[in-house]
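Asker: Provide a 3D model corresponding to the input given below.
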Amino acid sequence: MPGKKVLVVDDDEEIVSFAEMVLRDAGYEVYTAYNGQAGLELARSARPDLVLLDLAMPIMHGYEVCQAIRADASMNNIKIVVTSGKSYPVDIKNAKEAGADHYMVKPYGVQQLADMVSRVLGA
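Answerer: Residues are numbered from 1 along each chain as shown. So this is what the prediction gives:
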């Protein structure tokens with residue numbers, strides 16, 4: 001979906017590089033951050049259409065980032081896809097309660113990532 005902006009927030013450099021490559025190849029403008037606080041600050045300044053958000057990160061947990069985005073009316077239209085290595089129902093429930101639109105279990109593949117982002121953005 002050309003012209004759409006995606007922010008990838010994850011403390012794993014390999015995951016960030018992979019997601020950035022996949023999303024750029026799909027035509028998205030991609031921003032990256034390696035901890036929750038930097039991700040939140042970038043969300044405020046870049047105003048992405050979607051945030052791909054890891055949970056367990058330094059400085060600020062993904063749930064806190066999710067809640068902060070949802071608490072800011074000026075960012076309420078940003079879609080949030082939480083990513084985690086955990087697939088327990090309680091983790092998915094907690095992510096939704098924090099304000100996530102969707103939950104995706106890592107590791108994910110090229111097509112799975114591209115399809116999820118496209119679907120969430122309504123492409």
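
Asker: which residue ranges of the chain form helices?
Answerer: 13-25, 36-46, 62-71, 89-98, 110-120 (DSSP state H).

Asker: closest to residue 79 out of the ones you listed?
Answerer: Closest of the helices of the chain to residue 79 is helix 110-120, at 4.9 Å (criterion: CB to CB). Any C-beta I mention is one placed from the backbone N, CA and C, and that applies to glycine too.

Asker: residues of the closest one that come out buried?
Answerer: Across helix 110-120, burial judged by 16 or more other CB atoms under 10 Å covers 113, 114, 116, 117, 120.

Asker: tell me the pLDDT of the residue most central in space within the chain.
Answerer: Nearest to the mean C-alpha position of the chain, by CA atoms, centre = their mean, lies residue 52 at 1.3 Å. In the predicted model, residue 52 carries a pLDDT score of 98.

Asker: wait, it touches residue 22, no?
Answerer: No: in terms of CB atoms under 8 Å, residue 52 does not count as a neighbour of residue 22; the distance is 10.3 Å.

Asker: sorry, back to before: beta partners of the closest residue to the residue nearest to the centre of the chain other than its chain neighbours?
Answerer: Nearest residue to residue 52, sequence neighbours excluded (CB to CB, 6 or more residues apart in numbering): residue 8, at 4.8 Å. Under the criterion DSSP bridges, residue 8 forms beta bridges with residue 32, residue 52.

Asker: wait, residue 8 sits on residue 17?
Answerer: No: taking contacts as CB under 8 Å, residue 8 lies outside contact range of residue 17: 9.3 Å.

Asker: more neighbours, those two?
Answerer: Each of residue 8 and residue 17 had its neighbours counted (other CB atoms under 10 Å), and the higher figure belongs to residue 8 (28 against 13).

Asker: for that one, list the residues it contacts.
Answerer: 15, 16, 19, 20, 23, 30, 31, 32, 33, 52 (CB atoms under 8 Å, 6 or more residues apart in numbering).
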